[in-house]
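Colleague: Have a look; sequence and predicted model below, questions after that.
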Amino acid sequence: MAKQNISTAVDIGGLKLKNPVMTASGTFGYGLEFAEYTDLNSLGAIVTKGLAIKPVKGNAPQRLVETTAGILNAIGLQNIGVEAFIRDKLPELKKYNTPVIANIYGTAVDEYIAVAERLSGTAVAAVEVNISCPNVKKGGLAFAADRTAIKGILTGVKKVFSKPVIMKLSPNVGPLEDLARYCEDNGAAALSLINTLVGMAIDLEKRRPRLANIYGGLSGPAIKPVALAFVHKVSKAVKIPVIGIGGIMNARDALEFIVAGASAVQIGTANFRDPAAAQKAADGIAEYMEKNKIGGIGEIRGSLTC
């Protein structure tokens, strides 16, 4: 909650948030699952699980493996599909004073556009376009660096969806500055990064991968230094807002991303350890700002000296 004489509000490509803390797609369900454990009204935004045009079962188990400093997941973008989301989840989410950002994906350009078109005119405040999931066999990273596909997705989605379009970028395709500028030039309102890093785990006794999918997406504290570097580089390369993701476990982590250049952050793996992690991070940012007499997020955003 914002403290006296400070404002934690941020603007993400025209989307006004009460504070810069969002939940990361795939770690917070559809939001409603966490209502019993945290105050959804305290969050800057709720980002849903990835939504496809039809329901998806996801990958076979084993789909989740703990690592030394994080989690490997190969869920495979399991979801209920956009129709069920609009019918069963969105009416309840509308009761909260927190914007809902729908993460969307497809296995072809037309599928992305179809999901966005179905969400047009609903209470969804923005879409986050996932072109960067490393743990699905069909689709997956196919669009992560394919500029023709990215342009087609952005152009098509913007034609059918008038609210902000956020592009979620992958760390698995090399330096992101040029790709980020390309997304900006083609109409992205903001960028979110990074998605998970490709990783694997091995059962030594069986000499088999511990994930049925073999490879998965690594998240959690282990990837924070990588994410910070990408956010710092990309935020200097573009003018549109950057949303930092990767190993953010608390308010101090979130503030580091903001100092590195992020306009907002997403809390992901931390939600599994503490369902109230995002709320605590938002409160912690406000407390830090009050203690240090910082009037607004803009005063510290991108303030890293190097």
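Modeller: Received it, and whenever you're ready, just let me know what you need. Residues are numbered from 1 along each chain as shown.

Colleague: tell me the contacts of residue 264?
Modeller: For residue 264, the residues meeting the contact criterion (C-beta atoms under 8 Å, 6 or more residues apart in numbering) are 10, 12, 17, 20-22, 44-45, 241, 243-244. C-betas here are computed from N, CA, C, even on glycine.

Colleague: try 7 Å this time
Modeller: Contact criterion C-beta atoms under 7 Å, 6 or more residues apart in numbering gives 10, 12, 17, 20, 22, 44, 241, 243 as the residues in contact with residue 264.

Colleague: what's the burial count for the closest residue to it other than its chain neighbours?
Modeller: Spatial nearest neighbour of residue 264, excluding adjacent residues (C-beta to C-beta, 6 or more residues apart in numbering): residue 20 at 3.9 Å. For residue 20, the count of nearby residues is 28 (other C-beta atoms under 10 Å).

Colleague: And residue 20, how close does it get to residue 235?
Modeller: For residue 20, the distance to residue 235 (C-beta to C-beta, to the nearest Å) stands at 13 Å.

Colleague: before we move on, the earlier item: going by distance to residue 252, which of the contacts of residue 264 wins?
Modeller: Distance to residue 252 across the contacts of residue 264 (C-beta to C-beta) is lowest for residue 20, with 13.9 Å.

Colleague: give me every residue that touches that closest one.
Modeller: For residue 20, the contacting residues are 8, 10, 44, 258, 263-265, 285, 297, taking C-beta under 7 Å, 6+ apart as the criterion.

Colleague: Tell me the buried residues within the residues you listed.
Modeller: Neighbour-count burial within those applies to 8, 10, 44, 258, 263-265, 285, 297; the criterion is 16 or more other C-beta atoms under 10 Å.

Colleague: one step back: now the contacts of residue 20 in JSON lines, with distance to residue 37 and secondary structure?
Modeller: Output for the contacts of residue 20, formatted as JSON lines (distance: C-beta to C-beta, whole Å; DSSP: H, G, I helix; E, B strand; the rest coil):
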{"residue": "8", "distance to residue 37": "22", "secondary structure": "coil"}
{"residue": "10", "distance to residue 37": "24", "secondary structure": "strand"}
{"residue": "44", "distance to residue 37": "18", "secondary structure": "coil"}
{"residue": "258", "distance to residue 37": "25", "secondary structure": "helix"}
{"residue": "263", "distance to residue 37": "27", "secondary structure": "coil"}
{"residue": "264", "distance to residue 37": "22", "secondary structure": "strand"}
{"residue": "265", "distance to residue 37": "20", "secondary structure": "strand"}
{"residue": "285", "distance to residue 37": "20", "secondary structure": "helix"}
{"residue": "297", "distance to residue 37": "26", "secondary structure": "helix"}
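
Colleague: neighbours around the nearest residue to residue 203 once chain neighbours are set aside, how many?
Modeller: Spatial nearest neighbour of residue 203, excluding adjacent residues (C-beta to C-beta, 6+ apart): residue 210 at 5.1 Å. Neighbourhood size, residue 210 [other C-beta under 10 Å]: 19.

Colleague: Same question for the one 3 residues further on.
Modeller: Around residue 213 there are 23 other residues, counting by other C-beta under 10 Å.

Colleague: where's it, which helix or strand?
Modeller: Secondary structure from DSSP states H and E places residue 213 outside every helix and strand.

Colleague: Which stretches in the stretch 151-300 of the chain count as helices?
Modeller: For the stretch 151-300 of the chain, the helices identified by DSSP state H, counting those that start in this stretch occupy 177-185, 224-237, 251-260, 270-273, 277-291, in order along the chain.

Colleague: No further questions, thank you.
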